[in-house]
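sequence isn't available, so here's the structure alone:
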């Protein structure tokens, strides 16, 4: 994964009020830490950061050009987002060095189509690996093409690029191929659910009627 150059500036305002003012200025509050250095509070341009994450994912490597004259390589360690506004609230950045290995979770994508009449359950969509901070894979691909019911893909089945080491348990299940339920079975489950709902509603109605009768008698 190629690094993205991004400008940053030191941040002197802290607390909720300072963070709000930073975001109103089109910036995202962030903290840069690692390698035993004192944490450094900075602000990143929100649009440029969002574009880089959309393109490179959560493990995008950033080459920071800080306005105080310093430079740094960093990986996002934690990203806080506003789920309603879909904006970035705060970012934790981890300092890294060229050639340094880091442990990250890489997305796993299933490609291909399993055999007809099967159901694919994607149980784990990321894989924990150790790799050079400047050569992190964007994602891993694993083919399910033609797999029959009863097949299972584990972490050990995924081909890793040179220099990438598996950290996750090799037996971690990535995907399971099972028999797809028939239309009749699905209809039966729906009918059972409707009957159960009707039974619950009838029981509630009887209970309410009993309460009203008891209240009238008293």
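Now that the structure is in, tell me what you want to look at. This structure is a prediction, so every number in the text was calculated from the model and none was measured. Residues are numbered from 1 along each chain as shown.

how about stretch 174-185: buried residues?
Neighbour-count burial for stretch 174-185 flags 174-177, 180 (criterion: 16 or more other CB atoms under 10 Å). All C-beta spots, glycine's among them, are computed from the backbone N, C-alpha and C.

ok, stretch 122-133 next?
Buried-residue list, stretch 122-133, by 16+ other CB under 10 Å: 124, 127, 129, 131, 133.

picking up where we left off before, make a markdown table from the buried residues of stretch 174-185 and add distance to residue 23, pLDDT and secondary structure to it.
Formatted as a markdown table, the buried residues of stretch 174-185 follow (distance: CB to CB, whole Å; pLDDT from 0 to 100; DSSP: H, G, I helix; E, B strand; the rest coil):
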| residue | distance to residue 23 | pLDDT | secondary structure |
| --- | --- | --- | --- |
| 174 | 38 | 97 | strand |
| 175 | 39 | 97 | strand |
| 176 | 42 | 97 | strand |
| 177 | 45 | 96 | strand |
| 180 | 47 | 89 | coil |
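
right, and the pair among those with maximum separation?
174 and 180 (19.1 Å; CB to CB).

pull the contacting residues for residue 46.
Counting by CB atoms under 8 Å, 6 or more residues apart in numbering, residue 46 makes contact with 23, 26-28, 87-88.

identify, from the buried residues of stretch 122-133, the entry nearest to residue 82.
Of all the buried residues of stretch 122-133, residue 82 sits closest to residue 124, with 27.3 Å by CB to CB.

now that closest one, what's its secondary structure?
Using DSSP: H, G, I helix; E, B strand; the rest coil, the structure places residue 124 in coil.
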